[in-house]
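Engineer: no FASTA, just this:
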Ligand code: C2E
Ligand code: MG
Ligand code: MG
């Protein structure tokens, strides 16, 4: 067969197979390979080679040997086509690592070329043509050698790609082999054209077309298979990388050594290839170095992110205890620490659920951030505990610091107190959650400044101040004082001793009569708890009740008081006295659902008419959760028990609360009673009259106060000037004296059937 005929067969076969390729590649969806671009590149690569072959076929004159000008279209089409095919395969299979594959492939290709040239081609040419050979002087040779070198390079890159491919590898292998075969058959075709063998040209042309079809088939496979996890594969591939490049380099060095031993010289082409090896190796190392830097940066970023995570609070995004400790250690000048605790937050969690609680905590964090000085560090220590670190003259704000970016000018204690007061105000603003307002306040303990010696002391001092703030009625700022240490020790002792006080029989009740005014007849009494400790002496309930509340002991105490008081009341009633008795109850008790049935059970056990018992609720209790409280008090009231609002006017209560709460009696706080003019007492008395409530003036301790209270129209009074708290027998004597003073026939009420009630036994059973 003539070359022209062979070439025509080759061109036509190649054209029809290229069209088939276009059909196959055109159907690829690209959904698993990041788009259709790789398929388009492969189609273009195929088309370039085929067009080159058609170009060469069109220029060949029948019967004439195709000269260099006529080989050129296919040589260029093949070269350009191979490069575009390589690009397509890399886009298809080597996303991310293409540069690395190409550089490694170039190292292998240049080494292979060097070995091939030094050991085979150059000695063969030298034997035929003598020394001084230069391929550059022979264009026809160049048209074959150029695409051949290119084909070696492309094949080497593909070999690297296949070597490192993550399974399933079939698609990479088929596509890679197809492209390599395209290069090899194309170069063979060029050589066959040059040497003028028609049937070989036809056969290689068919092979060329088939290899292009193989590329298309392999690429279509990639469209169907699931891509492996490239990250997991990355580690395995890294291990193979070194081997892939250093083996060929060692071979090239061995070839150079062999040539030097045999010929004692290095030829020009060999030197050029050796230079190429050097350049590609350098480029590869530079790329590896850049990659290593990239990894190092990524690791550093990850480490920083982990550190950040370990030092932050997941819910609020503020720093945590660890960050605070770090910042405290690094603080140059004496720092100031604010320890912040939300008052009554537990109730929010218990009554509105933890989601609402979380939302409130996030909002608290937001308010803290927004209201601090630049450079101050807010942290969440856990639960509803927060802290703010204020450092004077910090140069660089801590991560997660308050608003702004400039260094603070100073964190004196006065400045810190101003900030704390501001925080107290903003944290007490209502929290809107799902359209419902949540009311909270905060207590703040402040410590530090020049007195702060070390981290542990500072933390403890701030905590002590915070506890002191809680103790002194919450919703306030307390600055650390060394005396608090003493207070804390005493508090710990009290808590410890209080636990066994009931069993050791150290508790008793005192009764303070409530008199009708102005005739000063005893009409009722208030039971007041007394604790006499052999070591500590008499401890005031104002001191130990808050301790008992915090330690969770108050429920036990209040139940005991209720039993004792009811027992006493039942005796007075049995003796025929017309009297009522009031008992103080703790806010914590009122939150328990079983509280109401418990009270009713005690009344039943002591056979008491409920109307004789008054339960005193303090304003603090009222401030926490009005709805629940109203419900509990309503249930007690429905059973006939009377409710008194204690310490009215001393704290939080508002007139609105008074209207919503089921209350029978208002007890005016002694701070109001102590007002010289008695105007406030008059206002409350007027208010009581309007609402149909009884009003008791508490803590009437001077004759002038009594006169003012009477002048204000208050009909009930209680206080030291009337009668101080006393033993039950003394109240009994008072009641007896009053009974005799009255007309016994009309004032006497029928005695109660007391029965055998033993409060001690009842208590033990409870
Ligand atoms: P409170 O319920 O307001 O009781 C009145 C307090 O005022 C009593 O103090 C009483 O001794 C005192 N007081 C009465 N008259 C005068 C006066 O003329 N001048 C002055 N300065 N004070 C007067 P006490 O007994 O120390 O009780 C303090 C607080 O402890 C009570 O205030 C009450 O809130 C609480 N408490 C007492 N007993 C109990 C109890 O059994 N359970 C509970 N949960 N709390 C109790
Ligand atoms: Mg009271
Ligand atoms: Mg009171």
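Structural biologist: Cool, got the structure. Everything quoted here is computed from the prediction, not taken from an experiment. Ligands and ions are numbered 1, 2, ... in the order given.

Engineer: Which SSE is immediately downstream of the strand or helix carrying residue 659?
Structural biologist: In the assignment (DSSP states H and E), residue 659 maps to helix 655-660. Counting by DSSP H and E, the next helix or strand C-terminal to helix 655-660 is strand 665-668.

Engineer: tell me how far that following strand is from the chain's mean position?
Structural biologist: 48 Å (Cα atoms, centre = their mean, to the nearest Å).

Engineer: Just the pLDDT for residue 239.
Structural biologist: The per-residue pLDDT reported for residue 239 equals 54.

Engineer: just the strands in the stretch 501-650 of the chain please.
Structural biologist: For the stretch 501-650 of the chain, the strands defined by DSSP state E, counting those that start in this stretch occupy 507-516, 521-533, 537-539, 580-585, 613-618, 642-648.

Engineer: and these as JSON lines, adding mean neighbour count?
Structural biologist: Any C-beta I mention is one placed from the backbone N, CA and C, and that applies to glycine too. Listed next are the strands of the stretch 501-650 of the chain as JSON lines, based on neighbours: other Cβ atoms under 10 Å:
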{"stretch": "strand 507-516", "mean neighbour count": "21"}
{"stretch": "strand 521-533", "mean neighbour count": "20"}
{"stretch": "strand 537-539", "mean neighbour count": "12"}
{"stretch": "strand 580-585", "mean neighbour count": "23"}
{"stretch": "strand 613-618", "mean neighbour count": "24"}
{"stretch": "strand 642-648", "mean neighbour count": "24"}
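
Engineer: Take the ones you listed and write them to a markdown table, including mean pLDDT and distance to residue 101.
Structural biologist: What follows is those, written out as a markdown table (pLDDT from 0 to 100; distance: least, Cβ to Cβ, whole Å):
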| stretch | mean pLDDT | distance to residue 101 |
| --- | --- | --- |
| strand 507-516 | 97 | 86 |
| strand 521-533 | 97 | 84 |
| strand 537-539 | 96 | 83 |
| strand 580-585 | 96 | 80 |
| strand 613-618 | 92 | 79 |
| strand 642-648 | 92 | 82 |
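
Engineer: Dump the ones you listed into TSV; add distance to residue 472 as well.
Structural biologist: As requested, those are exported to TSV (distance: least, Cβ to Cβ, whole Å):
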stretch	distance to residue 472
strand 507-516	24
strand 521-533	20
strand 537-539	17
strand 580-585	19
strand 613-618	15
strand 642-648	15
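
Engineer: Tabulate those strands in TSV, adding columns for distance to ligand 3.
Structural biologist: Formatted as TSV, the strands of the stretch 501-650 of the chain follow (distance: least, Cβ to the ion, whole Å):
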stretch	distance to ligand 3
strand 507-516	10
strand 521-533	8
strand 537-539	18
strand 580-585	8
strand 613-618	7
strand 642-648	4
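
Engineer: can you list those in CSV and add distance to ligand 1?
Structural biologist: Output for these, formatted as CSV (distance: least, Cβ to the nearest ligand atom, whole Å):
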stretch, distance to ligand 1
strand 507-516, 6
strand 521-533, 4
strand 537-539, 10
strand 580-585, 4
strand 613-618, 6
strand 642-648, 5
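
Engineer: Can you check which of those gets nearest to residue 680?
Structural biologist: strand 642-648 (10.2 Å; Cβ to Cβ).

Engineer: Neighbours of the residue of the stretch 201-350 of the chain found nearest ligand 1, how many?
Structural biologist: Nearest to ligand 1, among the residues of the stretch 201-350 of the chain, is residue 344, at 17.0 Å (Cβ to the nearest ligand atom). By the criterion of other Cβ atoms under 10 Å, residue 344 has 18 neighbours.

Engineer: swap in residue 155?
Structural biologist: When neighbours are counted by other Cβ under 10 Å, residue 155 registers 24.

Engineer: can you check the one 5 residues further on too?
Structural biologist: Residues near residue 160, counting by other Cβ under 10 Å, number 27.

Engineer: what sits against it?
Structural biologist: Shown in contact with residue 160 (Cβ atoms under 8 Å, 6 or more residues apart in numbering): 101, 104, 105, 108, 244.

Engineer: Repeat that for residue 430.
Structural biologist: Shown in contact with residue 430 (Cβ under 8 Å, 6+ apart): 437, 438, 439.

Engineer: can you redo the contacts of residue 160 as TSV with distance to ligand 2?
Structural biologist: Shown next, in TSV, are the contacts of residue 160 (distance: Cβ to the ion, whole Å):
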residue	distance to ligand 2
101	86
104	88
105	92
108	94
244	89
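
Engineer: Reformat the residues you listed as TSV; add neighbour count, secondary structure and pLDDT.
Structural biologist: Formatted as TSV, those follow (neighbours: other Cβ atoms under 10 Å; DSSP: H, G, I helix; E, B strand; the rest coil; pLDDT from 0 to 100):
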residue	neighbour count	secondary structure	pLDDT
101	25	helix	81
104	27	helix	85
105	25	helix	86
108	27	helix	88
244	19	helix	68
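
Engineer: Farthest-apart pair in these, please.
Structural biologist: Distance extremes for those: the farthest pair is 101 and 108 at 10.5 Å, using Cβ to Cβ.

Engineer: looking at it, residue 164 is touching residue 101, isn't it?
Structural biologist: Yes - the criterion here is Cβ atoms under 8 Å, and residue 164 meets it with residue 101 at 7.3 Å.

Engineer: Now do the phi/psi pair for the residue in the stretch 301-450 of the chain that ligand 2 sits nearest to.
Structural biologist: Nearest to ligand 2, among the residues of the stretch 301-450 of the chain, is residue 344, at 20.9 Å (Cβ to the ion). Torsion angles at residue 344 (phi, psi; degrees, to the nearest 10) stand at phi 70, psi 20.
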